[in-house]
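> Model the structure of this input:
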Amino acid sequence: MASISRVRERAEEQTTSMSEDQQTTIRMLANDLHRLNQSVMKAVDAGVSVELVRSARHHGGDGNWGDLLIPVVVTNRH
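Residues are numbered from 1 along each chain as shown. Just a heads-up that it's a prediction; the model follows:
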């Protein structure tokens, strides 16, 4: 669980030179990633393997971009 709480810490460290609006957006992203990581762990605990794969890259027009993800889920059948 320590690495999950690190998501928020890393986001905070990286926002020092950003505008207030950018900082707010990054905090929201960090919270969403925290919830995503919790969901991945729950899925693994429920017996499936989960891989997050980049499905596309969103370009904002000013040289900014972000990776969009999809889950690849594998069920182990015994």
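
> hang on, residue 50 in a strand?
Yes: the assignment for residue 50 by DSSP: H, G, I helix; E, B strand; the rest coil puts it in a strand.

> For the residue nearest in space to the middle of the chain, what is the enclosing helix or strand?
Note on the chain: the residue nearest the mean C-alpha position is residue 33, at 3.5 Å, using CA atoms, centre = their mean. For residue 33, the host element (DSSP states H and E) is helix 20-45.

> For residue 34, see how far away residue 61 is.
Distance, residue 61 to residue 34, using CB to CB, to the nearest Å: 28 Å. C-betas here are computed from N, CA, C, even on glycine.

> Would you mind telling me which of the two has the busier surroundings?
Regarding residue 61 and residue 34, a neighbour count based on other CB atoms under 10 Å identifies residue 34 as having more, with 16 against 6.

> residue ranges with poor pLDDT in this protein?
Along the chain, the model assigns pLDDT under 70 to residues 1-5, 7-8, 77-78.

> hmm, try it at 80
1-16, 76-78 (pLDDT under 80).

> contacting residues around residue 58?
If you count contacts by CB atoms under 8 Å, 6 or more residues apart in numbering, residue 58 has them with 65, 66, 67, 68.

> mind redoing it with 6 Å?
66, 68 (CB atoms under 6 Å, 6 or more residues apart in numbering).

> picking that back up, do you know how far the residue nearest to the centre of the chain is from residue 52?
Distance from residue 33 to residue 52, by CB to CB: 10 Å.
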